[in-house]
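In: Any chance you could fold what I've pasted below:
(chains A and B)
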Amino acid sequence: MSNFETSSLWQLTLTRLKLTLREPEAIFWIFVFPILLAVGLGIAFRNRPADVLPVAASTPQLTQALAADNGLHATLLDESSGRHALAIGTILLLAEPSPAGVVYRYDDTNPDARNARILADRAIQIAAGRRDPVSAANDLDHETGSRYIDFVVPGLLGMNLMGSAMWGLGFSIVDARQKKLLKRMVASPMPRWQFLMAYLLSRLVMLAIEVVVLLGFARIVFGVPFRGPLAQLGLICILTSLTFSALGLLVASRARTMEAVSGLMNLVMLPMWILSGVFFSASRFPAFMQPLVNALPLTAAIGAMRGNMLQGVALSQMMPLIGIMLFWCLVPFAVSLRIFRWR
Amino acid sequence: MSEPAKSTPASCALCIRGLRKSFASPRADSVRAVDGIDLEVHPGECFGLLGPNGAGKTTTIEICEGLTAPDAGTVELLGLNWKSGANELRQRIGVQLQETQFPEKLTVEEILRLFRSFYRRGLTIDESIRIAQLEEKRRARVGGLSGGQKQRLAMATALVGDPELLFLDEPTTGLDPQARRHLWDLVDELKRGGRTIILTTHYMEEAERLCDRVAIMDHGKVIALGSPRELIETVGGEDIVEFAVSPSESLGPKPAKLPFDPALLTAIPGVSSHRIDRSLHQLSVSELHTTVPGIFAALAAQGLHLSEFRTHSASLEDVFVRLTGRNLRDE
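Out: This is a model prediction of the structure:
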């Protein structure tokens, strides 16, 4: 056996990794859950091809005029079945002839119906011989990076790194304390800093897997952009993970029971799930809350990830965000080393 | 013997002087778990701390292991103390705590490799597995081990650093009789290896079987100290006679619990003491074959009828009973 293999730091780290990988639930929450979430959100908020709006008319002439527009799907319905279809929402608009010309029946509070009104009117006017005074052409541009999935992937990444670091450290430390394993460890000549360091090192290994799995999936399936330097994105992820590991350590430093640590964990994480802009921009919160929202480590982490991935901002231009994360990394770590209960 | 040359020649492997430790208690102001203890354990000795639950054994041993700081007193192990030589000491002692639960998803081998990595020198993984007789369970996960096997694994983690001084805190509590005997054999083998062993137990047969010397503890104090043989001799006889009496029917009604003079019994040659516990009389006796007829005669002369009668060899239990008036396992 080499010196490396028999070194206690290596053995402690290896043990941590084995314990994590032998826990099927952990594998689910760390690797599978974020992908499921990304798939679900990607489906829900996918950018659809411009919708074809279902409309109907009560005369063949009107129906023909409507069908000429690509954006409309027109059917011929008599008046009563047309009104019924309108009422149950299978069509958005019903065009009926009137003595003066045409009447459009639609719900003007429904944006799709308003669009249908514009398209239908244009189609009928063109069929009647209208000529546009200005000729207009369309140049369509579906830009990646501005879609919801592009916005939400960095948010999910940040949330996932927070969750896995905090649960990973918090639960296993309290579990070891409850089972008197911590006490047994400190009765041996194990250097105490190595015990905590092994948690951080094994986190970094898991982190690499988590980040590559989630971002690789987002890249391949959704084409999410990476505009900033990848190495800097890696650094942001490492700092994020260390920050939440430090918070996890702090939360677990005194708790004696799983119930206590779960409660503390939720107390710390819940505000960030809501406030830190995982699913929607944190700037939507009112101005008086912004100082609080921006001081949260997850807000800073997600901000830096979005800056890197979506806008290609260099790390050197995001120092305030890095500073907030460093603060949340160093202070909890220092405090927890002082107050850590080893038995 | 595994004494390195640099070890300071100390007359005792463990010296405790004036040890005190109190804990805050919800009911009282504080509980004196350890209340002024002095002990010396000699190199190569198997020393037992015997006492009922709550006597302060675990607190004492955890202070010795450097896990608990005493309120007062000094502890010296292998010529070192916890203030200045903690790192060195941890390398040279082995510890088995009460109720350590190792991670269920690790194997025996993995746990021992982990613990071995903490020590500069020590046994190989193979040796420690062989000593703990866990060869067949080498690749089994902790979750699949029996209570006795888990306890032997705990013992193996204590041994893997080849310690000069080994602390075992209630090593057989909760084990079935067979697993207990198995563990005793293991301790015997370690004793033959020349290690100094300090163990706590509340089973007196365990202390009698394993320990060269025993300190009996009660309420945080050492109430007796010596080899099991010496301690048993203080009971005053080699055997204990227990009997209960009822008035003889032929003599008509008399008070049910009739007082009779214990001096009548202790006057019998060979009887050294008498006590009564819940109407059961206990006599310490030597020369059982001559004293028992004497006892029969004395009782008959009082008109008393024996309703129970039994004898056993004196044990540490009897020592504890004589010193405290209570049975070891009462509380």
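
In: Pull the residues that contact stretch B:219-228.
Out: Residues from elsewhere that reach stretch B:219-228, judged by C-beta atoms under 8 Å, 6 or more residues apart in numbering or on different chains: B:32-39, B:55-56, B:59, B:207-208, B:211-217, B:231, B:234, B:316, B:319, B:323-324. All C-beta atoms are positioned from the backbone trio N, CA, C, and that covers glycine.

In: Got phi/psi on residue 224?
Out: You didn't pick a chain, so chain A it is. Main-chain torsions, residue A:224, degrees, to the nearest 10: phi -60, psi 130.

In: Correction: the question concerned chain B.
Out: When quoted as degrees, to the nearest 10, the phi and psi of residue B:224 stand at phi -160, psi 150.

In: who are the neighbours in contact with the residue lying closest to it once chain neighbours are set aside?
Out: Leaving out its chain neighbours, the residue that sits closest to residue B:224 by C-beta to C-beta, 6 or more residues apart in numbering or on different chains is residue B:216, at 4.2 Å. By C-beta under 8 Å, 6+ apart, the contact set of residue B:216 is B:50-51, B:222-225, B:231, B:316, B:319-320, B:323.

In: for residue B:310, same thing?
Out: B:241-243.

In: just residue B:123 next, same as before
Out: Residue B:123 makes contact with B:116, B:131, B:159-162, according to C-beta under 8 Å, 6+ apart.

In: Switch the residues you listed over to JSON lines; also include neighbour count, distance to residue B:297 and pLDDT.
Out: Output for the contacts of residue B:123, formatted as JSON lines (neighbours: other C-beta atoms under 10 Å in any protein chain shown; distance: C-beta to C-beta, whole Å; pLDDT from 0 to 100):
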{"residue": "B:116", "neighbour count": "22", "distance to residue B:297": "67", "pLDDT": "94"}
{"residue": "B:131", "neighbour count": "18", "distance to residue B:297": "56", "pLDDT": "88"}
{"residue": "B:159", "neighbour count": "24", "distance to residue B:297": "57", "pLDDT": "92"}
{"residue": "B:160", "neighbour count": "28", "distance to residue B:297": "62", "pLDDT": "93"}
{"residue": "B:161", "neighbour count": "25", "distance to residue B:297": "62", "pLDDT": "92"}
{"residue": "B:162", "neighbour count": "19", "distance to residue B:297": "61", "pLDDT": "91"}
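
In: re earlier: inside helices: which ones of the contacts of stretch B:219-228?
Out: Judged by DSSP state H, the subset of those located in helices is B:59, B:207-208, B:231, B:234, B:316, B:319, B:323-324.

In: which of the residues you listed lies closest to chain A?
Out: Checking those against chain A by C-beta to the nearest C-beta gives residue B:59 as the nearest, at 12.7 Å.

In: so what's that closest one closest to, chain neighbours aside?
Out: residue B:33 is the one closest to residue B:59 (C-beta to C-beta, 6+ apart), at 4.2 Å.

In: gap between the two ends of stretch B:162-174?
Out: With C-alpha to C-alpha, to the nearest Å applied, stretch B:162-174 spans 26 Å between its terminal residues.

In: what does the average pLDDT come to for stretch B:244-262?
Out: For stretch B:244-262, mean pLDDT rounds to 60.

In: Now do the helix or strand in which residue A:164 is found: distance to the chain's middle.
Out: Counting by DSSP states H and E, the element that carries residue A:164 is helix A:148-178. Relative to its parent chain, helix A:148-178 has a centroid offset of 13 Å by C-alpha atoms, centre = their mean, to the nearest Å.

In: How about stretch A:265-283, which residues are buried there?
Out: Across stretch A:265-283, burial judged by 16 or more other C-beta atoms under 10 Å in any protein chain shown covers A:265, A:268-269, A:272, A:275-278, A:282.

In: and those, which of them are in helices?
Out: Per DSSP H, the buried residues of stretch A:265-283 map to helices at A:265, A:268-269, A:272, A:275.

In: What average pLDDT does stretch B:55-70 get?
Out: Mean predicted lDDT for stretch B:55-70 stands at 91.

In: can you list contacts of that stretch?
Out: With C-beta under 8 Å, 6+ apart as the test, stretch B:55-70 has contacts from A:183, A:186-187, A:343, B:14, B:16, B:19-21, B:23, B:33-35, B:37, B:49-51, B:75, B:77, B:82, B:86, B:89-90, B:93, B:95, B:97-98, B:167, B:169-170, B:198, B:200, B:202, B:217-221.

In: Which positions within it qualify as buried?
Out: Those would be B:55-68, B:70, for stretch B:55-70 by 16+ other C-beta under 10 Å.

In: how long is that stretch from one end to the other?
Out: Using C-alpha to C-alpha, one end of stretch B:55-70 lies 16 Å from the other.

In: Now do it: distance to the chain's middle.
Out: 15 Å.

In: just stretch A:63-80 next, same as before
Out: 40 Å.

In: Flag every buried residue along that stretch.
Out: Going by neighbour count (16+ other C-beta under 10 Å), the buried part of stretch A:63-80 is A:63, A:65-67, A:69, A:71-77.

In: Can I get those in JSON lines including secondary structure, distance to chain B and pLDDT?
Out: Listed next are the buried residues of stretch A:63-80 as JSON lines, based on DSSP: H, G, I helix; E, B strand; the rest coil; distance: C-beta to the nearest C-beta, whole Å; pLDDT from 0 to 100:
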{"residue": "A:63", "secondary structure": "helix", "distance to chain B": "69", "pLDDT": "90"}
{"residue": "A:65", "secondary structure": "helix", "distance to chain B": "72", "pLDDT": "89"}
{"residue": "A:66", "secondary structure": "helix", "distance to chain B": "67", "pLDDT": "89"}
{"residue": "A:67", "secondary structure": "helix", "distance to chain B": "66", "pLDDT": "88"}
{"residue": "A:69", "secondary structure": "coil", "distance to chain B": "64", "pLDDT": "86"}
{"residue": "A:71", "secondary structure": "coil", "distance to chain B": "59", "pLDDT": "85"}
{"residue": "A:72", "secondary structure": "strand", "distance to chain B": "62", "pLDDT": "89"}
{"residue": "A:73", "secondary structure": "strand", "distance to chain B": "59", "pLDDT": "89"}
{"residue": "A:74", "secondary structure": "strand", "distance to chain B": "65", "pLDDT": "90"}
{"residue": "A:75", "secondary structure": "strand", "distance to chain B": "63", "pLDDT": "90"}
{"residue": "A:76", "secondary structure": "strand", "distance to chain B": "69", "pLDDT": "91"}
{"residue": "A:77", "secondary structure": "coil", "distance to chain B": "66", "pLDDT": "90"}
